[in-house]
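*Asks:* Build me a structure from this.
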Amino acid sequence: MYKVMAVNAGSSSLKYKLYEMPEEKVLCSGNVERIGHEDGIFGMKHNGEKIRDILPVKDHSVAVDLVLKALTKFGIVKDLSEIVCVGHRVVQGGKYFSKSVDFNEDTEAKITKLIPLDPMHAEAHLIGYHAFKNALPHAYQIAVFDTAFHQTMEPEDYLFPIPYEYTEKFDCRRYGAHGTSHNYLAIKGNEDFLEGKRNTRIISCHIGSGGSLCAIKDGKCVATSMGLTPLGGIMMGTRCGDLDPSVFYYLCSCTGKSYEEIYDILNKKSGILGVSGISNDTRDVEAAYEKGDERAVLALHLYARRVADYIGQYYVRLGGADLILFSAGVGENAPIYRKAILERVQDALGLVIDYEKNDRVRGEEALISKPESKIKVAILPTDEEVMIARDCAKRIKNEL
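*Replies:* I've put the predicted structure just below:
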């Protein structure tokens with residue numbers, strides 16, 4: 001037995017989960033939030049208990065130090081040398097990575113080169129990597145890329161219809177995101193709902209504050225909704241998703257704002273927040289929807305339409321479907337959004353949904369389609385961390 005840690009470093013947060021492998025037993029999990037603030041939040045779950053503390057967290061190095069000290073303080077590990085590998089979630093791997101790799105100087109250089117494609121996450125990933133490398137110099141460090149799962153797409157699925165020289169010179173193409181989650185959903189969904197069939201057609205909906213859909217054939221990605229960056233695809237909490245490219249130019253000319261300002265608005269002030277004018281949190285919008293707020297109703301319906309359109313598109317792309325999966329924050333916990341999406345595709349796809357069951361299910365695995373449905377529809381909580389832990393295990397299996 002040995003221990004590995006799965007890490008997801010964000011711009012102001014550090015999520016973590018410590019596993020005992022190969023049993024995949026979770027020893028603890030948690031999150032350090034509000035990094036860079038005097039009122040940072042340290043959280044940990046261990047043995048059914050929740051630990052929470054509010055204190056200054058200057059930077060990611062302090063966050064990592066808090067996590068590692070807590071591991072020994074609460075007896076989760078006797079010595080930090082027990083942690084033999086740290087797996088880092090990295091959102092953008094560009095064209096360089098089709099699988100997880102050692103996090104070394106070459107990997108760091110390539111991720112640094114990709115910062116323009118993911119300025120919101122890439123720098124934070126690198127900071128997290130250095131913090132853990134300094135704190136655990138004995139441990140293997142690996143990078144697990146959200147984009148790796150999507151490297152199986154064909155050119156007609158990932159190319160943009162722009163001058164080809166731009167594609168070649170600037171690597172301007174569709175990369176997708178949430179690949180680690182979509183990969184997990186494909187494996188687990190097949191095991192639990194399709195009896196481990198060899199030939200499968202799965203549409204996975206990873207929908208949270210960010211979100212993407214994936215068309216998966218025989219366990220491999222053939223198409224995904226996010227594009228060059230996480231801004232593309234479906235409407236999200238604050239991101240606009242797909243839109244007519246001329247909207248960008250038009251808004252710049254109408255508002256007098258720079259392209260940087262408009263780009264920031266499309267990333268941080270659009271989506272559910274921009275349409276509803278209420279919040280980027282779907283729970284807040286749902287509460288306003290129930291009260292009949294017109295813009296909340298519009299936001300929920302527009303969101304459902306955008307997701308439904310992709311489900312229809314991927315049904316055609318796959319030549320049918322065996323399973324539709326809902327996962328992540330909204331997909332797992334928001335019945336009203338699932339219902340709104342499914343109502344828009346049920347007639348065309350021959351779905352028969354148990355909506356009473358749908359209304360009851362939050363945060364747990366469940367089949368919500370009826371036996372007569374032409375396609376199975378299920379809720380499946382994602383587990384990106386266990387996929388990271390498994391890649392850690394693969395990396396070190398010959399080293400122990």
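
*Asks:* Can you find the helix or strand of this structure with the lowest average pLDDT?
*Replies:* Every helix and strand in the chain was compared by mean pLDDT, DSSP states H and E; the lowest is helix 122-135, with a mean of 87.

*Asks:* Using PDB, write out every CA atom in that helix.
*Replies:* Taking C-alpha atoms only, helix 122-135 is exported to PDB below (Å, rounded to 0.1, in the frame of the first residue of the first chain):
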ATOM      1  CA  ALA A 122      -2.500  27.600 -16.100                       C
ATOM      2  CA  GLU A 123      -0.500  29.900 -13.900                       C
ATOM      3  CA  ALA A 124      -2.200  28.600 -10.800                       C
ATOM      4  CA  HIS A 125      -1.400  25.000 -11.800                       C
ATOM      5  CA  LEU A 126       2.300  25.900 -12.100                       C
ATOM      6  CA  ILE A 127       2.300  27.600  -8.700                       C
ATOM      7  CA  GLY A 128       0.700  24.600  -7.200                       C
ATOM      8  CA  TYR A 129       3.200  22.300  -8.800                       C
ATOM      9  CA  HIS A 130       6.200  24.300  -7.400                       C
ATOM     10  CA  ALA A 131       4.600  24.500  -4.000                       C
ATOM     11  CA  PHE A 132       4.300  20.700  -3.800                       C
ATOM     12  CA  LYS A 133       7.600  20.000  -5.400                       C
ATOM     13  CA  ASN A 134       9.300  22.200  -2.800                       C
ATOM     14  CA  ALA A 135       7.400  20.600   0.100                       C
END
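
*Asks:* Can you spell out which helices and strands pack onto it?
*Replies:* Using 3 or more CB pairs under 8 Å, 6 or more residues apart in numbering; DSSP states H and E as the contact test, the elements touching helix 122-135 are strand 2-9, helix 60-73, strand 83-90, helix 105-113, strand 140-145. Just so you know, the C-beta spots here come from the backbone N, C-alpha and C atoms, and that holds for glycine as well.

*Asks:* Could you figure out how far the fourth one is turned away from strand 83-90?
*Replies:* Here helix 105-113 runs at 30 degrees with respect to strand 83-90, directions being taken by axes from the mean of the first three to the mean of the last three CA atoms, to 10 degrees.

*Asks:* Leaving aside the residues adjacent along the chain, what's closest to H121?
*Replies:* Excluding the flanking residues, the one nearest H121 by CB to CB, 6 or more residues apart in numbering is V91, at 4.3 Å.

*Asks:* typo on my end, it should be K78
*Replies:* Closest residue in space to K78, ignoring its immediate chain neighbours: T72 at 7.3 Å, by CB to CB, 6+ apart.

*Asks:* okay, now the one you found: neighbour count?
*Replies:* When neighbours are counted by other CB atoms under 10 Å, T72 registers 13.

*Asks:* so where does K45 fall, helix or strand?
*Replies:* Using DSSP states H and E, K45 maps to strand 37-46.

*Asks:* mean confidence score for whichever helix or strand comes after that strand?
*Replies:* Past strand 37-46, heading to the C-terminal end, the next element that is a helix or strand (DSSP H and E) is strand 49-57. Averaged across strand 49-57, the pLDDT comes to 91.

*Asks:* buried stuff in strand 49-57?
*Replies:* Using 16 or more other CB atoms under 10 Å as the test for burial, strand 49-57 gives V57.

*Asks:* Restrict it to CA atoms and write it as PDB.
*Replies:* C-alpha atoms of strand 49-57 as PDB (Å, rounded to 0.1, in the frame of the first residue of the first chain):
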ATOM      1  CA  GLU A  49     -15.400  14.700  10.600                       C
ATOM      2  CA  LYS A  50     -15.200  18.200   9.000                       C
ATOM      3  CA  ILE A  51     -12.400  20.500  10.000                       C
ATOM      4  CA  ARG A  52     -12.600  24.200   9.100                       C
ATOM      5  CA  ASP A  53     -10.400  27.100  10.000                       C
ATOM      6  CA  ILE A  54     -10.300  30.800   8.900                       C
ATOM      7  CA  LEU A  55      -6.900  32.300   8.800                       C
ATOM      8  CA  PRO A  56      -4.500  34.300   6.600                       C
ATOM      9  CA  VAL A  57      -3.400  32.300   3.500                       C
END
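
*Asks:* Roughly how far does the closest residue to A393 other than its chain neighbours sit from I83?
*Replies:* Spatial nearest neighbour of A393, chain neighbours left out: M21 (5.0 Å); criterion: CB to CB, 6+ apart. Distance, M21 to I83, using CB to CB, to the nearest Å: 11 Å.

*Asks:* The two: which has the busier surroundings?
*Replies:* In this view M21 and I83 are compared by other CB under 10 Å, and I83 has more residues nearby, 22 against 19.

*Asks:* excluding its backbone neighbours, what's nearest the more buried one?
*Replies:* Counting by CB to CB, 6+ apart, I83 lies nearest to K3, which is 5.0 Å off, once chain neighbours are set aside.
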